[in-house]
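Chemist: Kindly return the folded structure for what I paste below:
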Amino acid sequence: MLAGVATFLLLLIALLAVPVTLKFQMSWQQGFQGDMTLLWLFGLVRVRLPSSRERATGVKDEATAQKTGHPERAPGKTPNLFATVRQTGFRRRVIRFIKDLWHAIHKDDISLRVRVGLGDPADTGQLWAIVGPVAGILTQTQDASIEIVPEFLDAAFELDSSGNIRLIPLQIIYLIVALLLSPSVWLGIKQLRVAES
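Modeler: The predicted model follows:
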């Protein structure tokens with residue numbers, strides 16, 4: 001029994017240690033468009049991810065439902081999510097996670113252009129407290145072309161990205177588990193719950 005469990009765990013770890021390659025080309029203007037192909041076991045397993053047109057339709061329907069189902073947020077009211085962003089420890093831990101994740105991914109011909117804004121300059125500024133340092137880290141890399149800019153006047157999200165990335169699932173799982181076990185993250189979650197109550 002124990003030998004069978006040990007064999008299964010070793011096999012699972014071995015499979016998770018095999019690199020996964022993702023080839024992608026994505027853009028988001030009015031909706032999502034793109035093609036993505038997942039390669040595993042050194043190309044023996046090839047999976048083409050679902051059609052971008054189907055995703056775009058789903059996103060538009062969801063956006064329409066949210067627009068009609070929820071009233072607009074009152075001016076000057078800060079989303080509860082920003083209660084966690086204000087915490088220095090939480091912010092640093094998230095930035096560290098993104099930096100470690102970025103270094104764990106092997107990149108080839110990566111191009112990324114993003115413009116993001118929340119419609120309220122104050123809200124966009126608080127969002128930029130996390131996105132800004134991350135953007136600074138990413139733009140300094142030598143194996144990718146990265147540009148992330150804030151839009152303070154209007155609500156906006158525009159994305160244009162392409163390239164190939166290769167990662168080891170076991171390494172990514174380790175980074176995610178380390179993030180979830182971080183005291184700073186749990187303090188941030190606790191602060192978010194306090195702000196919601």
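Chemist: going forward, measure contacts and count neighbours with C-alpha atoms only.
Modeler: Fine.
Chemist: Okay, and the beta partners of Ser27?
Modeler: Ser27 forms beta bridges with Gln33, Asp160, as assigned by DSSP bridges.
Chemist: residues contacting Leu41?
Modeler: Contact analysis of Leu41 by C-alpha atoms under 8 Å, 6 or more residues apart in numbering lists 18-20.
Chemist: redo that, cut-off 7 Å
Modeler: By C-alpha atoms under 7 Å, 6 or more residues apart in numbering, the contact set of Leu41 is Val18.
Chemist: Can you give me the distance of it to Ile165?
Modeler: Distance, Leu41 to Ile165, using C-alpha to C-alpha, to the nearest Å: 15 Å.
Chemist: Name the helix or strand of the chain that has the lowest mean pLDDT.
Modeler: Across the helices and strands of the chain, mean confidence by mean pLDDT, DSSP states H and E is lowest for helix 52-69: a mean of 50.
Chemist: which SSE is Leu9 in?
Modeler: Using DSSP states H and E, Leu9 sits in helix 2-16.
Chemist: Tell me the confidence at the closest residue to Ile148 other than its chain neighbours?
Modeler: Nearest in space to Ile148, with sequence neighbours left out and distances taken as C-alpha to C-alpha, 6 or more residues apart in numbering, is Val114 at 4.7 Å. Here the pLDDT value assigned to Val114 is 89.
Chemist: my guess is Val114 contacts Leu159, does it?
Modeler: Yes. Using C-alpha atoms under 7 Å, Val114 is in contact with Leu159, at 4.7 Å.
Chemist: elements contacting the one helix or strand Arg193 maps to?
Modeler: In this assignment (DSSP H and E), Arg193 forms part of helix 183-196. In terms of contacts (3 or more C-alpha pairs under 7 Å, 6 or more residues apart in numbering; DSSP states H and E), helix 183-196 is packed against helix 82-85, helix 88-104.
Chemist: quick one: contacts for Ala144?
Modeler: Contacts of Ala144 (C-alpha under 7 Å, 6+ apart): 109-111.
Chemist: Filter these down to just the ones in strands.
Modeler: Judged by DSSP state E, the contacts of Ala144 include 109-111 as members of strands.
Chemist: sorry, back to before: how close does the residue nearest to Ile148 sit to Leu180?
Modeler: 27 Å.
Chemist: Who has more neighbours out of these two?
Modeler: Using other C-alpha atoms under 10 Å as the criterion, Val114 and Leu180 rank with Val114 on top: 18 against 12.
Chemist: and the more buried one, what does it touch?
Modeler: Val114 sits in contact with 147-149, 158-160, where contact means C-alpha under 7 Å, 6+ apart.
Chemist: same thing with Ala104?
Modeler: By C-alpha under 7 Å, 6+ apart, the neighbours of Ala104 are Leu167.
Chemist: got the buried residues for the helix or strand where Val114 lies?
Modeler: Per DSSP H and E, Val114 falls inside strand 106-118. Neighbour counts over strand 106-118 (16 or more other C-alpha atoms under 10 Å) mark 107, 110-112, 114, 116-118 as buried.
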